[in-house]
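Trainee: All I have is the shape, not the residue letters:
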Ligand code: DAH
């Protein structure tokens, strides 16, 4: 009995002196391992007088228990000590440089938008913003888009609240009428922003993309002004003069309406970007329809204007050679880190 007590004392003292996990493991092995002290005691039991065997077995197992419990609490003690040391700043070197914050970069859409804003601001255009959740009035009626126009189909538009006539704007053109209501003519304005269409997505269609609306209101505004402004736009984007051509195009809010093409900036004989035509479709545009001027509170007898709707997402793709529009809103860092 005293033997066991002495052994237990000795074990406790060893455990108390153990400085780390490794020392604890060694003690555990020495006492409870295959050839340890406890195993030795148990192995000796058959040599004892039968009347003593039971007590000896209990004592040996008690010793094992004692050792394991002592190790357990010492282990907690060591862990608490280590934590306290870390908390008090051990191992912290205040003279080391701070970890570098990771740096982001501007999204290609943001870059091109800012460039265009600077370009148009230098020509006296104001940069306007409009709501992405728009009233049906501005998105459709005020733009002379009649109730049965296919653009109003639920296939094309996210109707948020038909009762309240709220939609996710399908284009930036509603800012035209908002601008007429707010600004004193004559004025020039652009309105870049996000637009939404309810359609299945593929490499050249997404439900969310960017446009930039342009609007110039003045007296005697003609197609010549429109072409002049578009040539400046092209010089800003591609850094040189590009030939342009107009094809007739129908949009209810302009009359006449056009599709404006520019000479392909990437080739002379035709390439994959211009689909071998040497022309790229740049933007739809036209002279503001009198009904739209009236909706904006302007007298069509006095005021006239031109408008254009630049596909910003498309332009960004063209500029950087991006082959899938879905990359733009995808948030994939492997794509974004390239800019
Ligand atoms: N809002 C039209 C669309 O998203 C594009 C457009 C066409 C805008 C002609 C214009 C314009 O300002 O004059 O399809």
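Mentor: Good, I have the coordinates. Keep in mind that what you see is a predicted model, and the values were worked out from it rather than measured.

Trainee: Over to residue 255: give its phi and psi.
Mentor: Here is the backbone geometry of residue 255 (degrees, to the nearest 10): phi -160, psi 110.

Trainee: for the closest residue to it other than its chain neighbours, what are its contacts?
Mentor: Spatially, and ignoring its direct neighbours in sequence, residue 255 is nearest to residue 289 (4.7 Å; CB to CB, 6 or more residues apart in numbering). (C-beta placed from N, C-alpha, C; glycine too.) Residues counted as contacts of residue 289 (CB atoms under 8 Å, 6 or more residues apart in numbering) are 144, 252-255.

Trainee: list the contacts for the closest residue to residue 198 other than its chain neighbours?
Mentor: Among residues not flanking residue 198 along the chain, residue 158 sits closest, at 5.2 Å (CB to CB, 6+ apart). Residue 158 makes contact with 167-168, 196-198, 207, according to CB under 8 Å, 6+ apart.

Trainee: Which helix runs longest in this protein?
Mentor: helix 50-87 (DSSP state H).

Trainee: Show me what that helix packs onto, helices and strands only.
Mentor: In terms of contacts (3 or more CB pairs under 8 Å, 6 or more residues apart in numbering; DSSP states H and E), helix 50-87 is packed against helix 2-17, helix 21-32, helix 37-44.

Trainee: List the beta-bridge partners for the closest residue to the ligand within the chain.
Mentor: Closest contact between the chain and the ligand, by CB to the nearest ligand atom, is at residue 309 (2.4 Å). When assigned by DSSP bridges, residue 309 has beta-bridge partners residue 213.

Trainee: Flag every residue of the stretch 51-200 of the chain that's near the ligand.
Mentor: With the criterion set to CB under 6 Å from any ligand atom, the stretch 51-200 of the chain comes near the ligand through 171, 173.

Trainee: need the helices for the stretch 51-200 of the chain, in chain order.
Mentor: 108-121, 136-139, 174-182 (DSSP state H, counting those that start in this stretch).

Trainee: Let me have the ones you listed in CSV, extended by mean neighbour count, mean pLDDT and distance to residue 281.
Mentor: Below are the helices of the stretch 51-200 of the chain laid out as CSV (neighbours: other CB atoms under 10 Å; pLDDT from 0 to 100; distance: least, CB to CB, whole Å):
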stretch, mean neighbour count, mean pLDDT, distance to residue 281
helix 108-121, 17, 95, 17
helix 136-139, 21, 95, 23
helix 174-182, 22, 98, 21
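
Trainee: Can you add distance to residue 68 and give these back as TSV?
Mentor: Output for these, formatted as TSV (distance: least, CB to CB, whole Å):
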stretch	distance to residue 68
helix 108-121	63
helix 136-139	75
helix 174-182	76
